[in-house]
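Participant: the sequence isn't on hand, but the structure is:
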Ligand code: NAD
């Protein structure tokens, strides 16, 4: 492991005097510091990206695909080192950190298989007309702390394969793994094509305002997304906003309760609930409500939570102190409102832990249901009527994803058609794919990442036509 991580700008290491402390969420202790980039380093990174742009834009698509595929290899070859670092800064158990690395590698490989060929609109005796998908230029990528590597890789793969150059900023809470990836790619990616800079709270707004950046690809909360959109108006930047969610699960009585409880459990509690597409409220049919609560209770009480670097812990801490406080506040409010809480065990002191928590039948309009908890908390609500449950699921200002659990595929598809979300998964959850567009409706986002539509969002269509003389 590199002792002292540095920024990557123009293919070279850059350090700063100002430092950003990194804490291990399993203990709360500072264990490292990284560069705290400011305006000067950002300007330097944008200039490097600008200098590299024309050459990278003119590099054939197949070569760019090969490079993105090679990035996948680098992620794979260095997975052990990166996963250890990821567990330390993010908190997730090592096996899941390895899973994130393997997902990121696979994402590069799959994205490298995609193509955006020219589209011939007209080709006849009087005119030839073609639409090409050209890169935007300099992209600013801003990623969150829950899946620092995977979500940064989405931006790297799509921006680079489409011929853009990138200035990437990880979250100040989890800067290390992405900085390290930047270091590992210095010999792989042409200088300036991928620049990685870490910094504190001021750096994100500097990027969204920067006149040299043509597009912002942002993943984070809806509150920040609104600020990004306002700030990007300065030079009318292109925007992709992947924001928060309040995903509903709808569980019908024709399912196998025990098997579905397990799937629902992981749909809500993977990464200790810190997943944008985690189930954040579950509507369970009246006929199976009690058995479902019992099955989930058994899982909540038996699933070990603790330091992710220690074997045997299936779930880790909340990633940072402010988020810990937000989750605790919601659980406390629920307790004070008299809700029935079922809780698992979590380390009592040291580290940012919240025990797994089921909230049984809270008020539909209570904060624990209406707000994105982004922690290991799942409200369980009862329903008996299909139309009613669809209306309740849609009664949210978020619209990221939803799940439907039923043995009846027709019913699943019928409900999927009525849910106001970007994705619906039936009898599975979090089934994202590098080949399928992914994004949120309403306040869960603007635009999509992944798939052909995701690549298009990194391009500007240009239409060229040639007037041909009539025969
Ligand atoms: P956040 O909005 O606090 O921060 C995200 C990133 O934005 C960080 O890098 C941060 O430094 C930066 N940032 C903060 N203020 C900024 C500003 N004013 N201008 C520009 N950048 C700024 O989000 P978070 O707490 O890191 O992540 C959790 C949230 O992200 C949750 O709401 C979750 O649902 C969402 N999320 C969404 C997706 C998705 O694909 N839709 C995926 C993962 C997480």
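Facilitator: Everything's here; your move. Since the structure is predicted, the reported quantities are computational estimates derived from the model, not experimental observations.
Participant: going by C-alpha atoms from here, please, whenever you check contacts or count neighbours.
Facilitator: OK.
Participant: quick one, what contacts residue 456?
Facilitator: Going by Cα atoms under 8 Å, 6 or more residues apart in numbering, residue 456 touches 116, 133.
Participant: what do you get if the cut-off is 10 Å, keeping everything else the same?
Facilitator: The neighbourhood of residue 456, defined by Cα atoms under 10 Å, 6 or more residues apart in numbering, consists of 116, 133-135, 158, 162, 448-450.
Participant: of those residues - the most surrounded one?
Facilitator: Using other Cα atoms under 10 Å as the neighbour criterion, residue 158 leads these with 29 neighbours.
Participant: measure that one to the ligand for me?
Facilitator: 14 Å (Cα to the nearest ligand atom, to the nearest Å).
Participant: and that residue, backbone torsions?
Facilitator: Note on residue 158: its backbone torsions stand at phi -70, psi -40 [degrees, to the nearest 10].
Participant: element containing the closest residue in space to it that isn't next to it in sequence, please.
Facilitator: With sequence-adjacent residues excluded and distances taken as Cα to Cα, 6 or more residues apart in numbering, residue 158 is closest to residue 455, at 5.7 Å. Assigning secondary structure by DSSP states H and E places residue 455 in helix 451-456.
Participant: right, and the helix or strand after that helix?
Facilitator: strand 459-467.
Participant: direction included, what does that next one pair against?
Facilitator: On the basis of DSSP bridges, the sheet neighbours of strand 459-467 come out as strand 127-135 (antiparallel).
Participant: on that earlier part again, how about the contacts made by the residue nearest to residue 158?
Facilitator: For residue 455, counting by Cα under 10 Å, 6+ apart, the contacting residues are 111, 114-116, 133, 135, 155, 157-162, 437, 448-449.
Participant: how about a cut-off of 8 Å?
Facilitator: Counting by Cα under 8 Å, 6+ apart, residue 455 makes contact with 116, 158-159, 162, 449.
Participant: swap in residue 462?
Facilitator: With contacts defined as Cα under 8 Å, 6+ apart, the neighbours of residue 462 are 131-134.
Participant: now, among those residues, which is nearest to residue 37?
Facilitator: Using Cα to Cα, residue 134 is the member of those that lies nearest residue 37, at 30.3 Å.
Participant: residue contacts, that closest one?
Facilitator: Residues in contact with residue 134, defined by Cα under 8 Å, 6+ apart, are 162-163, 459-462.
Participant: from the contacts of residue 455, which two are the most distant?
Facilitator: For these, with distances taken as Cα to Cα, the pair at the greatest spread is 116 and 449 (14.5 Å).
Participant: which residue ranges of the stretch 301-450 of the chain form strands?
Facilitator: Using DSSP state E, counting those that start in this stretch, the strands found in the stretch 301-450 of the chain span residues 340-343, 357-360, 377-383, 398-399, 401-405, 423-426, 441-442, 445-446.
Participant: near the ligand, which residues of this protein?
Facilitator: By the rule Cα under 6 Å from any ligand atom, the part of the chain lying against the ligand is 142-145, 170-172, 201, 204-205, 208, 219-221, 224, 227-228, 242-245, 275-276.
Participant: helices - which of the residues you listed land there?
Facilitator: Helix and strand membership here follows DSSP state H; of the residues of the chain next to the ligand, those in helices are 204-205, 208, 224, 227-228.
Participant: buried ones among these?
Facilitator: Listed as buried from these are 204, 208, 224, 228; burial here means 16 or more other Cα atoms under 10 Å.
Participant: which non-adjacent residue is nearest residue 90?
Facilitator: Of all residues not flanking residue 90 in the chain, residue 319 sits nearest, at 5.6 Å (Cα to Cα, 6+ apart).
Participant: check residue 418 too.
Facilitator: In space, residue 418 comes closest to residue 390 once its chain neighbours are excluded; the distance is 7.1 Å by Cα to Cα, 6+ apart.
Participant: what about the one you found, how many neighbours?
Facilitator: Neighbour count for residue 390, taken as other Cα under 10 Å: 19.
Participant: can you pull the contacts of it?
Facilitator: By Cα under 8 Å, 6+ apart, the contact set of residue 390 is 415, 418-419.
Participant: mind checking pLDDT for it?
Facilitator: The predicted local distance difference test score for residue 390 is 98.
Participant: from residue 404, how far out is it?
Facilitator: In this structure, residue 390 and residue 404 are 10 Å apart, going by Cα to Cα, to the nearest Å.
Participant: so what sits against both of the two?
Facilitator: With contacts defined as Cα under 8 Å, 6+ apart, the residues adjacent to both residue 390 and residue 404 are residue 415.
Participant: circling back: out of the contacts of residue 390, which end up buried?
Facilitator: 415, 419.
Participant: now, the contacts of residue 390 that are in helices?
Facilitator: Among those, the ones falling in helices (DSSP H) are residue 415.
Participant: turn the contacts of residue 390 into a markdown table, including distance to residue 260 and pLDDT.
Facilitator: As requested, these are arranged in a markdown table below (distance: Cα to Cα, whole Å; pLDDT from 0 to 100):
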| residue | distance to residue 260 | pLDDT |
| --- | --- | --- |
| 415 | 18 | 98 |
| 418 | 22 | 98 |
| 419 | 21 | 98 |
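Participant: which of the contacts of residue 390 sits closest to the ligand?
Facilitator: Nearest to the ligand among the contacts of residue 390: residue 419, at 16.8 Å, using Cα to the nearest ligand atom.
Participant: which residue, other than its chain neighbours, is closest to the most centrally placed residue in the chain?
Facilitator: The structure's the chain has its C-alpha centroid closest to residue 151; by Cα atoms, centre = their mean the separation is 4.7 Å. For residue 151, the nearest residue in space outside its immediate sequence neighbours is residue 143; the separation is 6.4 Å by Cα to Cα, 6+ apart.
Participant: circling back to that earlier point, from the ones in helices among the residues of the chain next to the ligand, which two are the most distant?
Facilitator: The largest separation in those, counting by Cα to Cα, is between 208 and 224 at 11.2 Å.
Participant: and the nearest residue to residue 288 once chain neighbours are set aside, how many neighbours?
Facilitator: Ranked by Cα to Cα, 6+ apart and with sequence neighbours excluded, the top spatial neighbour of residue 288 is residue 253, at 5.7 Å. Using other Cα under 10 Å, residue 253 has 17 other residues around it.
Participant: quick one: secondary structure of residue 253?
Facilitator: Three states are possible here, and by DSSP: H, G, I helix; E, B strand; the rest coil the one that applies to residue 253 is coil.
Participant: surely residue 26 touches residue 93?
Facilitator: No. If you go by Cα atoms under 8 Å, residue 26 and residue 93 don't touch, sitting 10.3 Å apart.
Participant: which residues do those two both contact?
Facilitator: In the contact map built from Cα under 8 Å, 6+ apart, the residues linked to both residue 26 and residue 93 are 307-308, 316.
Participant: scan the residues you listed and report the most crowded one.
Facilitator: For those, neighbours were counted using other Cα under 10 Å, and residue 316 has the most, 33 neighbours in all.
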